[in-house]
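Novice: The amino acid sequence is not available; the structure is as follows:
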C-alpha cells in the first residue's frame, strides 16, 4: 500500500494516470491556502467534477476503508485537506460542515499568524489562541486531523499537548538534516510522535539537503536515522509535489491577499518560482525509487511498507471518524 | 412507522419531545426559504448543534435506513430540505455539495419565479428554465428530490416530465377540496403520481377546507377520496406544521428580501400572521387523531400505515442515493 501524505498538483488526467502507474493508492490533496469558505467550497466542487469525469482513475476518500476500496479497484483515493484554517473563517461550526464535505486535515496556520496558531515565518510565536483551543477540540470531536506543517514550534508543541487525538506534520523534514525554516527540530518531532502523531517526509526541494541536488542516498539515510530516533511507526511520505503548477500558484501560496508586496517564502529574488524536483523524484511514478533507496540504507520490507503507506493507513483508520 | 413530509417549527427540546410522544420517526424539515448559500449553511450548523445537544431525541437522516435506526433507538430522524433553490445561487455545483451536507429535498421555486421554475403566485408560468433542466438532471444524479409544493402548474408538470426520478409535492392538498392557490389541480397531481411521485397532505389551515375550522372528518374523507382516485401508494402526510414560530417568520417566508412592500401571501391584512391550527392537530402529539380519522372513513390498517409513513419510507429508500 502506498499513500502520499500531501500533494498540491495542477490536477489533470495525466497526473491521475501517473498516480496509477506509480501505484499511489491514496493521496492527501490541498484544497485551500488562503481561500475563504466559499472559495474552498468552489475548490471542492472542482474535485466533484473530477470524480465524475475520471471515475476509473480516482475516488473520493472519506475513511481508511476507501484506500482499500481504491486499491482493489485500481484507483487512487483522494483525501481533502486545508493548509490554512482560512476556510472556516471565524466560524467553528464550519469544522463539522467541512468534515461532512470530506475534509480530513487542517493546518492551524500557514506561515503567518492565523486566528488559531502562529505560522513558522512569524517572529513571535504566541502559541495556540483562544479560538485555536476551541477548534482543536472540535476537530478532535468530528475527526479532522490537526496538521502543523507550516506552524511555528511553540504552537506545534502546544497543539500536540491540547489535542486529545494524534496530530500530524504532513510534509516536512528534520531541521538538523536540512536547516530550512519549515523543517522541524527534534523537540517538535518528539511532541508530535509521542502523542501517536505522524510526520510525512517532504520532497519539496526547499526542504531537502542541497535542495534540488539532494541525493536519494542522503534522503533515505535521513529517513532511516529519523525512524531509528523516534520509531518507524510515526513516519510516512508527504511529498509536497506541486507538479505542473505555474509560478503564479506559488505566489498565491506565499502571499494570498495578505500583502501587496512580494514575498519569496522559501525562494528568493533569483529563484522566485517552484524549484526543480530532484532527478529521482520527478512525479508520482518515482515512488519506487524511494522504496529502493530505503532498501539500500538497510530498512527491511516491513519497515519500508510502513513508511511507504502502512503507517498513514493506520493513522487514517484511527483519526477520520468521530471521537 | 410515522413520517412527516414537511415541518418548519421553531425547533426546541419541547418540540423534539412532542415528536417522541407523537411517535414521529422521521420529519423533513425546512432549512431555507430565501437564504443564500452561506445563510443555508449557517442553518445546517444550527442543526448540527441540535444533534449534539439532543442526541437522545433526534438524529440526522441521510437514508431510509436512518428512519429505522431512529425508530429502533426511540428518536426522530431529521431530513433536510429547501423550499426554494436560493441556497444554490447560480451554481449547479452546489447541488452535490448540499447532498453531501444531507439535503434531500429542494423546491424549484417558492411562490415567485426562481432561476429554475415559476412559483404559484406568478401571473405567467413560463415553465422550467434552461438552468432548471440542468439542475433537475443534477438532482436526479446525486439524489436530491424535486419538490414542487410552491411551484406553478405548468412548471410542475414539466418538472415531472423532465425528471428521470419521481418528484414530490411534500405539502399541499387537492384544489377541488379547498381551492387555495397553493393546492393542486387533478392534472398536476396526476403528473406527479404517474411518475411514481408523492404528495403529502397539508394541515396548514390556508390549505384546508374551512381553514382553521376544518373538521377531521372532512380532512380524512378528502384523503380517502384522493387515494381512491390516484392510488394510495402515492400519498403521505406533509403537515407544514410551523409550531411556535413568531409572525416575523411568516413575513420572512412571504417576502424574504425580494420586496419592500407587505405581501400577505395566503393570509390577509386582517389576519397577517400564522393562522391557528385546527383543534385536532395542534402539534406532533396529534398524529393519532389522523390515524383514527382514517379508520373512521373506512381505510384499512395497511392503507393507513402507508399514508402515515410507509409510503414516504419507500420513497426515501428509492430516491436519496445516487442514480
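Specialist: Structure received. Note that the structure is a prediction, hence the values are computed from the model and not measured.
Novice: excluding its backbone neighbours, what's nearest the residue of the stretch 151-300 of chain A found nearest chain B?
Specialist: For the stretch 151-300 of chain A, the residue closest to chain B is residue A:164, as judged by CB to the nearest CB, at 16.6 Å. The C-beta positions use only the backbone N, C-alpha and C, and glycine is treated the same way. Here the nearest residue to residue A:164 in space, its sequence neighbours aside, is residue A:140; by CB to CB, 6 or more residues apart in numbering or on different chains that works out to 5.0 Å.
Novice: Tell me the residues of chain A that contact chain B?
Specialist: Near chain B, the residues belonging to chain A are A:37-38, A:41-42, A:44-45, A:48-49, A:91, A:93-94, A:96-97, A:100-102 when assessed by CB under 8 Å from any CB of the partner chain.
Novice: the strands in the stretch 101-250 of chain A, which residues?
Specialist: A:103-107, A:145-147, A:168-169, A:198-201, A:235-237 (DSSP state E, counting those that start in this stretch).
Novice: What strands flank the first one, and is each parallel or antiparallel?
Specialist: Right, the one you point to is strand A:103-107. Sheet neighbours of strand A:103-107, with direction, are listed as strand A:76-82 (parallel), strand A:145-147 (parallel) (DSSP bridges).
Novice: which of those is buried the deepest?
Specialist: Per-residue neighbour counts averaged over each of the strands paired with strand A:103-107 give the maximum for strand A:145-147, namely a mean of 29 (mean count of other CB atoms under 10 Å in any protein chain shown).
Novice: Now tell me which helix or strand of chain A has the poorest mean pLDDT.
Specialist: helix A:247-255 (a mean of 92; mean pLDDT, DSSP states H and E).
Novice: Name the residues of that helix that come out as buried.
Specialist: For helix A:247-255, the buried set under the neighbour-count rule, 16 or more other CB atoms under 10 Å in any protein chain shown, comprises A:249-251, A:253-255.
Novice: secondary structure class for residue A:29?
Specialist: Of the three states, residue A:29 takes strand under DSSP: H, G, I helix; E, B strand; the rest coil.
Novice: Burial check on it, number of neighbours?
Specialist: Counted with other CB atoms under 10 Å in any protein chain shown, the neighbours of residue A:29 add up to 20.
Novice: so it sits right up against residue A:76, yeah?
Specialist: No. With the criterion set as CB atoms under 8 Å, residue A:29 and residue A:76 do not qualify as a contacting pair; they are 9.9 Å apart.
Novice: Which of the three states applies to residue A:302?
Specialist: With three-state DSSP as the basis, residue A:302 sits in helix.
Novice: Show me the residue of the stretch 51-200 of chain A that gets nearest to chain B, please.
Specialist: Counting by CB to the nearest CB, the stretch 51-200 of chain A gets nearest chain B through residue A:93, at 3.3 Å.
Novice: That residue and residue B:64: what is the separation?
Specialist: Residue A:93 sits 27 Å away from residue B:64, going by CB to CB, to the nearest Å.
Novice: Between those two, point out the one with more neighbours.
Specialist: Neighbours of residue A:93 and residue B:64, each counted by other CB under 10 Å, are more numerous for residue B:64; the result is 22 against 16.
Novice: quick one: contacts of stretch A:266-281?
Specialist: When contacts are taken as CB atoms under 8 Å, 6 or more residues apart in numbering or on different chains, the neighbours of stretch A:266-281 outside the stretch itself are A:180-182, A:203-206, A:208, A:211-216, A:219, A:239, A:241-242, A:245, A:247, A:249-251, A:254, A:262, A:264, A:283, A:286, A:289-290, A:293.
Novice: swap in stretch A:238-253?
Specialist: Contacting residues not belonging to stretch A:238-253 are listed as A:4-10, A:12, A:14-15, A:28, A:33-34, A:83, A:149, A:169-172, A:199-204, A:207, A:265, A:267, A:272-274, A:277, A:281, A:283-284 [CB under 8 Å, 6+ apart].
Novice: So which of these sit within helices?
Specialist: The members of those that map onto helices under DSSP state H are A:14-15.
Novice: from the contacts of stretch A:238-253, which would you call buried?
Specialist: Neighbour counting with 16+ other CB under 10 Å marks A:4-9, A:15, A:28, A:33-34, A:83, A:149, A:169-172, A:199-204, A:207, A:265, A:267, A:274, A:277, A:281, A:283-284 as buried within these.
Novice: picking that back up, contact partners for the residue of the stretch 51-200 of chain A closest to chain B?
Specialist: B:42, B:45, B:48-49.
Novice: Kindly state the pLDDT recorded for it?
Specialist: According to the per-residue confidence, residue A:93 scores 98 in pLDDT.
Novice: ditto for residue A:168
Specialist: Confidence at residue A:168, expressed as pLDDT, is 98.
Novice: That one contacts residue A:200, doesn't it?
Specialist: Yes. Between residue A:168 and residue A:200 a contact is recorded at 7.4 Å, counting by CB under 8 Å.
Novice: So for the two, which residues contact both of them?
Specialist: The contact sets of residue A:168 and residue A:200 overlap at residue A:5 (CB under 8 Å, 6+ apart).
Novice: Could you check how far the spatially closest residue to residue A:171 that is not a sequence neighbour is from residue A:198?
Specialist: Excluding its sequence neighbours, the residue lying closest to residue A:171 (CB to CB, 6+ apart) is residue A:238, at 3.5 Å. Shown here: residue A:238 relative to residue A:198, a distance of 9 Å by CB to CB.
Novice: what touches both of the two?
Specialist: When contacts are counted by CB under 8 Å, 6+ apart, residue A:238 and residue A:198 have A:5, A:169 as shared neighbours.
Novice: Compare the two (neighbour count), which wins?
Specialist: When residue A:238 is set against residue A:198 and neighbours are counted by other CB under 10 Å, the residue ahead is residue A:238, at 30 against 24.
Novice: CSV for the buried residues of helix A:247-255, including distance to residue A:305?
Specialist: CSV is the format used below for the buried residues of helix A:247-255 (distance: CB to CB, whole Å):
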residue, distance to residue A:305
A:249, 33
A:250, 33
A:251, 38
A:253, 32
A:254, 36
A:255, 40
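Novice: Identify the farthest-apart pair in those residues.
Specialist: A:249 and A:255 (11.4 Å; CB to CB).
Novice: number of nearby residues for residue A:256?
Specialist: Counted with other CB under 10 Å, the neighbours of residue A:256 add up to 17.
Novice: got it, and the one 5 residues further on?
Specialist: The tally of other residues near residue A:261 (other CB under 10 Å) stands at 6.
Novice: same thing with residue A:268?
Specialist: There are 8 residues near residue A:268, going by other CB under 10 Å.
Novice: Okay, and the nearest residue to residue A:11 once chain neighbours are set aside sits in which element?
Specialist: Taking CB to CB, 6+ apart, and ignoring the residues beside it in sequence, residue A:11 has residue A:50 as its nearest neighbour in space, at 6.4 Å. Assigned by DSSP states H and E, residue A:50 falls within helix A:37-53.
Novice: Read off the pLDDT value for residue A:263.
Specialist: If you check residue A:263, the pLDDT there is 89.
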